[in-house]
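K.L.:
With the input below, show me the fold.
(3 chains)
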Amino acid sequence: MTGVELLIWVRGPGLQLSLAAFILGMTYRILQTYFLGRAKNLAEPRGSPWIHGMKTMWWRSFFHPGMTIRGYFTIISGYTFHLGFIITLLFFDQHIELFKSWTGLSWPALPPLVITVTAVLGIAALVAVLVDRFADPVRYLLSDYQDYLCWVLTVLPLVTGLLLVYKIWLPYTSLLVVHIISFEILLVAIPFTKLSHVFTIFIARWYNGAIAGYKGVQS
Amino acid sequence: MTSSVNTDHQPPLCNAKPILNELRHGLDRLLAGGNATVIDLQRIPFGVDDERYLRDALGDGEVHATINTLGKSTVQETGVAGVWWVTHYDEAGSVLGDFLEITTIPEVLKSQHQDIMRGLRKLSASLEIEQPTKTAQE
Amino acid sequence: MAKPKTLAEHLEHHEVSRRGFLKFCALTTSMMALPPSMIPTVARALETARRPSVIWLSFQECTGCTESLTRSHSPTIENLIFNYLSLDYHHTLQAASGEAAEQAREAAMAENHGQYLVAVDGSIPVKDGGVYSTIAGISNLEMLKQTVEGAAAVVAIGSCAAFGGLPHAHPNPTGAVPVQDLVHDKPVVNVSGCPPIPVVISGVLAHYLTFGRIPDLDGYGRPLSFFGTSIHDRCYRRPYYNKGLFAETFDDEGAKNGWCLFKLGCKGPTTYNACATAKWNQGTSFPIQSGHGCIGCSEPHFWDAGGFYQPLSAGIAGVGTLAGVAVVAGAAAGTAAGLMHHAKRKQAQRQHEKVTVADLKESGS
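P.N.:
Predicted coordinates:
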C-alpha cells in the first residue's frame, strides 16, 4: 500500500470503523453501568437528587481549595494536560472541519499559534505526570500496563499533530496518515480502557451529587 | 530600499524579498570578481504582488535592448546597475522565460563567436562577388 | 541536404543564430526546471544531442494530455523540441491512418530498435484479455508490449498512464492499469496530472533529448525536478494557512481576500506538482490563484480520494448510518449485559434467603 492508498483508507473505512467502535463501545459501557442499578433508598428524600447531581457534575470540573491538600503538582499538571488536550481537539480549525463533516455543526477556531501552545503544554504536562509516576514509589507500584498504554495512546495524537502542522521529520501525506491513525486507535481504545472516564466521570460525579442531594447535604 | 516602495501590501509577499536579498549577494560576488548569477523567475512561486514589488524595488535603468531571434527578447538594465532583467518572448508575444541576471553584460547581448564567423563568411562572400564584377568592368 | 544529425546542426539548418541557440538553451534549462547555472552544461549537451525517435501511444484516454501539449503556450520552443524529436507515430496528430499509420510505427521501431522513446497517454484495460480498447484490431495491452520491447524508456503521460486515472477509478469496469504495472524491464517516467502541465511533458522529453537519459524520479516515478515539492509548500496563500485565515465559502470575505482554501477542500498539502511555478493558460495562473482549491489530480487514485470540496482533515465516507447501527448494537449489548447482571443478582439474592424456623424444623426431622 502506498502513502496515498493508506490516506484514502484512514480517511474512509478507517475513520468509519473507529468511530463506529467508539460509539458502540461507549453506548455499551454506559448502558451496562446504568443497568447495574442500585438498591432502592427507602429513606425520605431531603432534596432533589437530579438537580444536585447536575450541579456537582458541573462544579467538580473547577478548582476548589480542598483539592490542594496533597500538593499542587497533580492539580496543575492535570488541569494543564486536560485543558491543553481538549482545546487542541475542539478548537483547531482542521479538527472543527472533521466534526462539521460528522455533525454539521461548527464553531469559531482559535489561531494556530494558540493551538500550538495548548498542544505543547498538553505534551509537557503528560511528560511531567509520567516522570512523576516513575518518581513516586506509591504511584509507581500502583501503575499497571494499562496506565502506560493510555499515556502512549493519548500523547501520540498530540505529538503527530504537531509534527504534521510543522511538517517535521516525514512528508505531509505520511504524517497525516500517522496522525489520523493515532486518533483512530485512541477512539477505539477509549470505551475499553481507563480512558472511558471521558464519559463515565460525568456519571460518577452525577451519582455522587445525587446521593448528597437525596440526603439534603453538600456534595 | 527607496522610499517609493510601498511595504504595506494587503496580500502577503511570497518571494520578492528573498529575491532582492539574493540579488544583493549576487552583486557582492560580482564586485569581488566572482561569477555572474542568473535567477530563473519562472521557477520561483510568486504571489499576486511579488512581480510589481520587485519591479518597483529595482526600478528602470539606462539600457534597453531588444533581440530578434526565435521571437523577441528584451534585455534591460534595472535601476540597480549590474542587475539585468531578461525576458524571452515567442513569436506570438507570450512570455517564455523571465530571468534576472547579475552581470556586467548578459551573455545573450554579446555577439557570439559562431555568428561572427558566419558574418565574416557572408562578408567575404559578398566581397568575392563584388571583385569579379569590378574586374569585368575594367 | 542530408538530415541534420545534432541539434546544433538542426538549428543552423533553420538559420537560427548562436544567440538564438543561447536563448533556446536558457529556456530549455528553465523548462527542465534545472537551475540557470546549468545553462552552459545544457548548451554543451544540446550541441551534440542526437535526434531521438518518439512513438506516442494513446490508450484509454480523453486526448486531454495531447491537447494540453499541443495548445501549450510556448509554441516556438516546444516546436523546436518536437521538430527535433522525430515523432514517428501519434495517431491523433499524424496524417496517415489505418495500415499506413501502423506501418510507420513498425518502421520506426525497426529502425531505432533499443533507442526510441515510447510516450503513452491513457490507461491499459487488461480485463477479459484487454478487449475493451483496441487500435487497428490490436489490443492496447498487446500494442504496449510490442512497442515497449525495443524501447529505451517509457514516458507515461497523464494520470491515466501514470496511475490508472479515471478508467481505474472504482469500480474499474475494464480492469484498467497504469503503464508501470505492465512495464518492469524498462525505465518508466510518470508525468502525472489531469492533464499534465505541458511544460512538464516537454521538459521531460527535453531532458531525455539533452542528456540521453531520464531525469531523477520520486517514489511514484515522477521527475523530482517538477514533483519534488507540494503545491502547499509553494503556495503563495501559505501565509494565510499558517495564520489560520480560511475562505469558508467561494464568495465570502475570505475568498475575496484570497485566503487559504483548505476548508473548501484544497488538496495542496498532499499533492506534488509544479502548478504554482509553471502555471497554466499562458502563465496566467493556477487553480488556487483563480480561487479554487487544488483537486490533487497528479496523485494516484485521486478520483477515489473523496470529494473535491471535502477538507483533507475530514473523512471521505459518510458515518451517519454506521453511527446509528453502532448505537443500536451498543445499546443491545449493553442492555443484554445489564439483564444478565440483573438475573445473576436475583439468583444470588435467592441463594442468600434467610433461614426460617420451618427450614430448621425440616432439616431437624
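K.L.:
Can you show me the strands along the stretch 251-365 of chain C?
P.N.:
Counting by DSSP state E, counting those that start in this stretch, the stretch 251-365 of chain C forms no strands at all.
K.L.:
low-scoring stretches of the chain, by residue?
P.N.:
In the absence of a named chain, chain A is used. Within chain A, the ranges that satisfy pLDDT under 70 run A:1, A:219.
K.L.:
um, chain C though
P.N.:
Using pLDDT under 70, chain C drops low at C:1-5, C:72-84, C:362-365.
K.L.:
For burial, what's the neighbour tally of the closest residue to chain A within chain C?
P.N.:
Nearest to chain A, among the residues of chain C, is residue C:338, at 2.1 Å (CB to the nearest CB). In short, each C-beta sits where N, CA and C put it, glycine included. Residues lying near residue C:338 (other CB atoms under 10 Å in any protein chain shown) number 18.
K.L.:
before we move on, what about residue B:116?
P.N.:
That count, for residue B:116 with other CB under 10 Å as the rule, works out to 12.
K.L.:
What score does it have for pLDDT?
P.N.:
Looking at residue B:116, its pLDDT reads 93.
K.L.:
Return the residues in contact with the residue of chain C closest to chain A.
P.N.:
Shown in contact with residue C:338 (CB atoms under 8 Å, 6 or more residues apart in numbering or on different chains): A:31-32, A:34-36.
K.L.:
could you flag which of those are buried?
P.N.:
A:31-32, A:35 (16 or more other CB atoms under 10 Å in any protein chain shown).
K.L.:
For chain C, tell me which of those show up nearby.
P.N.:
With the criterion set as CB under 8 Å from any CB of the partner chain, the members of the buried ones among the contacts of residue C:338 near chain C are A:31-32, A:35.
K.L.:
Quick check, pLDDT for the closest residue to residue B:50 other than its chain neighbours.
P.N.:
Computed as CB to CB, 6 or more residues apart in numbering or on different chains, the closest residue to residue B:50 that is not its neighbour in sequence is residue B:16, at 4.3 Å. Looking at residue B:16, its pLDDT reads 90.
K.L.:
and what of residue B:10?
P.N.:
pLDDT recorded at residue B:10 is 57.
K.L.:
closest point of chain B to chain A, which residue?
P.N.:
residue B:12 (15.2 Å).
K.L.:
so the closest residue in space to that residue that isn't next to it in sequence is in which element?
P.N.:
Nearest residue to residue B:12 in three dimensions, chain neighbours excluded: residue C:239, at 4.2 Å (CB to CB, 6+ apart). In the assignment (DSSP states H and E), residue C:239 maps to helix C:238-243.
K.L.:
which strands and helices sit next to that helix?
P.N.:
Other helices and strands packing on helix C:238-243, by 3 or more CB pairs under 8 Å, 6 or more residues apart in numbering or on different chains; DSSP states H and E, are absent; none qualifies.
K.L.:
Name the residues that touch it?
P.N.:
Helix C:238-243 has contacts (CB under 8 Å, 6+ apart) with A:111-112, B:12, C:232, C:235, C:246, C:258-260, C:262.
K.L.:
Pick the one among those residues closest to residue B:97.
P.N.:
For those, the minimum distance to residue B:97 (CB to CB) is 22.6 Å, reached by residue C:235.
K.L.:
need the contact list for that closest one.
P.N.:
Counting by CB under 8 Å, 6+ apart, residue C:235 makes contact with B:45, C:241, C:268, C:276, C:288.
K.L.:
Now rank these by neighbours and give me the top one.
P.N.:
When neighbours are taken as other CB under 10 Å, the top entry among these is residue C:268 (29 neighbours).
K.L.:
what's the distance between that one and residue A:4?
P.N.:
As judged by CB to CB, to the nearest Å, residue C:268 and residue A:4 stand 15 Å apart.
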